[in-house]
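In: give the three-dimensional model of this entry:
(one chain, ligands or ions: 1)
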Amino acid sequence: MTQVPVRQASTDRPLRRHDLDPDPLRQFARWLAEAEEADIRYANAMAVATAAPDGTPSVRMVLLRGFDERGFVFYTNYESQKGRELAANPRAALLFYWDPLERQVRISGRVLKVSSEESDAYFRSRPYGSQLSAWASRQSEPVACRNELEARHAELATQFPEGHVPRPPFWGGYRVVPEQYEFWQGRRNRLHDRFRYTRQPDGSWLIERLQP
Ligand SMILES: Cc1cc2nc3c(=O)[nH]c(=O)nc-3n(C[C@H](O)[C@H](O)[C@H](O)COP(=O)(O)O)c2cc1C
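Out: A predicted model of the protein is given here:
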């Protein structure tokens, strides 16, 4: 077996109960802002885990495009592997990892499609080339060669001039509505700080420290 070197935490940045915002959304916003201030490339990149109906998990990176009290939004192809899994089992887990800050955030909950108006508005804001790519790619399906994709992209450019690309009906947003969050702060000696927020039936959040 190839041994993978283990790196020790370089700083010790405690996370205490009284540092936490009672609202996990505000706590998340604070940590994301700190990740952005730390110049982390793609601080909004997150892994999204879904599961097939037989329980087989799958995970991939996507970019968080917005978040508020309604949930966490990302955009993708509704007919991709994740889209098919979410249609059958509308639950997901999200994971952010900000290495320079030694922080991890886990979020899990139910998943809804965002409204078509919201997806349309976001699609309109995308660069022209990305709009065409959304049409060109049958995401997660095999393709014989890259030329086929590029030819389709070029053909779509003649069909849809810049500024006039409609959103493909098979492309749009998902919103993950959190039921649980976990904020993890790496500490020396692997005695890390972990706090879990669990949504209660009355809408409040139970906060518990977890063992590392
Ligand atoms: C940093 C990063 C960001 C990504 N962002 C997205 C995204 O926002 N939406 C998306 O559909 N795919 C995104 N991808 C590609 C996905 O990881 C994945 O390859 C694709 O969505 C197909 O996944 P699936 O076959 O599991 O459905 C991103 C990949 C990386 C590495």
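
In: so which residues on the chain come close to the ligand?
Out: Residues of the chain found near the ligand (Cβ under 6 Å from any ligand atom) are 42, 45, 58, 60-63, 74-77, 80-82, 139-140. (Glycine included, C-beta is placed from N, CA and C.)

In: okay, and which of the residues you listed map to strands?
Out: Judged by DSSP state E, the subset of the residues of the chain next to the ligand located in strands is 45, 58, 60-63, 74-77.

In: so where do the helices sit in this protein?
Out: Secondary structure of the chain (DSSP state H): helices at 24-37, 81-88, 116-125, 128-136, 146-159.

In: how about those helices, which one is nearest residue 183?
Out: Closest to residue 183 of those is helix 24-37 (Cβ to Cβ; 6.2 Å).

In: where does pLDDT dip in the protein?
Out: For the chain, the stretches with pLDDT under 70 are 8-10.

In: go with 90
Out: 2-11 (pLDDT under 90).

In: quick one: contacts for the residue nearest the centre of it?
Out: With distances taken as Cα atoms, centre = their mean, residue 46 lies nearest the centre of the chain, 3.9 Å away. Contacts here follow Cβ atoms under 8 Å, 6 or more residues apart in numbering; on that basis residue 46 touches 61-64, 72, 74, 94-96.

In: need these in TSV (columns: neighbour count).
Out: As requested, the contacts of residue 46 are arranged in TSV below (neighbours: other Cβ atoms under 10 Å):
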residue	neighbour count
61	11
62	16
63	11
64	20
72	24
74	23
94	20
95	17
96	23
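
In: surely residue 85 touches residue 55?
Out: No - taking contacts as Cβ atoms under 8 Å, residue 85 lies outside contact range of residue 55: 10.9 Å.

In: more crowded one of those two?
Out: Between residue 85 and residue 55, residue 85 has the larger neighbour count (other Cβ atoms under 10 Å), namely 21 against 7.

In: which non-adjacent residue is nearest the more buried one?
Out: Leaving aside its sequence neighbours, residue 85 sits nearest to residue 50 (Cβ to Cβ, 6 or more residues apart in numbering; 4.0 Å).

In: that neighbour and residue 31: what is the separation?
Out: 24 Å (Cβ to Cβ, to the nearest Å).

In: same deal with residue 103?
Out: For residue 103 relative to residue 31 (Cβ to Cβ), the value is 6 Å.

In: and for these two, which residues touch both?
Out: Counting by Cβ under 8 Å, 6+ apart, the shared contacts of residue 103 and residue 31 are residue 183.

In: quick revisit: in TSV: the helices of the chain, plus distance to residue 198.
Out: As requested, those are arranged in TSV below (distance: least, Cβ to Cβ, whole Å):
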stretch	distance to residue 198
helix 24-37	10
helix 81-88	22
helix 116-125	28
helix 128-136	36
helix 146-159	44
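
In: so what's the residue count around residue 39?
Out: As a burial measure, residue 39 scores 8 neighbours (other Cβ under 10 Å).

In: so how far is the ligand from it?
Out: According to Cβ to the nearest ligand atom, to the nearest Å, residue 39 stands 16 Å off from the ligand.

In: how about that residue, phi and psi?
Out: The phi/psi pair for residue 39 (degrees, to the nearest 10) reads phi 60, psi 30.

In: mind checking how far it is from residue 121?
Out: Distance, residue 39 to residue 121, using Cβ to Cβ: 29 Å.
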